[in-house]
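Student: Quick check, what structure comes out for this input:
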Amino acid sequence: MEAPLQPIRIRPGKAGRVAVVLPYTEDRVARIKTVSGSRWEFRERCWTVPRTARTVQRLLALFSGDQVEVDPALRTPKPEHAGQRPPFRVSPGFARDTLRALENELNARKYSPQTVKVYTLHIKRFFLHLKKTSRDITPGQVRIYLLGLAGRKGVSRSYQNQAVSAIRFLYKYVFRASDPTSPTP
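Tutor: Below you'll find the predicted structure:
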């Protein structure tokens with residue numbers, strides 16, 4: 001009779017990653033290797049994967065037949081009103097954490113390093129604009145920001161399109177919210 005396997009432990013890792021302590025079986029190792037960006041950390045003796053907004057949910061689905069323990073720091077709080085998201089607030093740590101999540105999501109989706117750099121810079125500029133106007137990010141403020149870009153002299157259409165794409169990516173894959181840019185000029 002085989003001894004029961006130890007549970008899989010999911011905890012925060014270093015540098016925007018999630019650590020997965022995975023008691024060894026060939027099947028478990030094969031499953032963790034299917035996660036884009038997964039790697040074995042020899043010194044920590046665990047696997048790590050890029051941290052995105054849905055990392056924990058993806059890992060729980062991947063190891064659905066196994067006992068999994070998730071560090072409370074990785075649990076996401078439920079919105080106050082079911083079916084509605086609270087407004088996003090720009091706080092000192094928010095921009096840094098959001099930019100890190102944006103970079104992780106872009107890397108997990110295998111965007112080029114140049115695209116990661118450009119999208120990150122567009123979102124930094126977007127946050128700088130918001131800090132001057134308001135702490136709530138609303139579709140109206142997104143639209144005002146994009147219209148301001150369109151009205152600025154020397155700003156090309158391709159630059160505007162990059163900003164729109166960066167904001168759409170941010171909302172779709174990081175915030176998991178509806179597209180705030182429709183319709184745009």
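
Student: contacts and neighbour counts: CA atoms only from here.
Tutor: Will do.

Student: Summarise which helices and strands the longest helix seen in the chain is packed against.
Tutor: Longest helix of the chain, by residue count under DSSP state H: helix 113-133. With contacts taken as 3 or more CA pairs under 8 Å, 6 or more residues apart in numbering; DSSP states H and E, helix 113-133 sits against helix 92-108, helix 139-151, helix 157-169.

Student: List the buried residues of it.
Tutor: Thr115, Val116, Val118, Tyr119, Thr120, His122, Ile123, Lys124, Phe126, Phe127, Leu130 (16 or more other CA atoms under 10 Å).

Student: now the helices and strands packed on helix 113-133 as a markdown table including mean pLDDT, mean neighbour count and distance to Ser64?
Tutor: Formatted as a markdown table, these follow (pLDDT from 0 to 100; neighbours: other CA atoms under 10 Å; distance: least, CA to CA, whole Å):
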| stretch | mean pLDDT | mean neighbour count | distance to Ser64 |
| --- | --- | --- | --- |
| helix 92-108 | 80 | 18 | 22 |
| helix 139-151 | 84 | 15 | 37 |
| helix 157-169 | 91 | 17 | 29 |
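
Student: I'd like to know how far the nearest residue to Arg168 once chain neighbours are set aside sits from Arg157.
Tutor: Spatial nearest neighbour of Arg168, excluding adjacent residues (CA to CA, 6 or more residues apart in numbering): Asp179 at 5.9 Å. The gap separating Asp179 from Arg157 is 20 Å, by CA to CA, to the nearest Å.

Student: what stretches of the protein score poorly on pLDDT?
Tutor: Low-confidence segments of the chain (pLDDT under 70): 1-4, 76-94, 131-136, 183-185.

Student: Please parse it into its domains.
Tutor: 8-74, 88-175 (automatic domain parsing).

Student: For the closest residue in space to Val155 that isn't next to it in sequence, give its distance to Ile167.
Tutor: Take Val155 and drop its neighbours on the chain: the residue closest to it by CA to CA, 6+ apart is Leu149, 6.9 Å away. Here Leu149 is placed at a distance of 13 Å from Ile167 (CA to CA).
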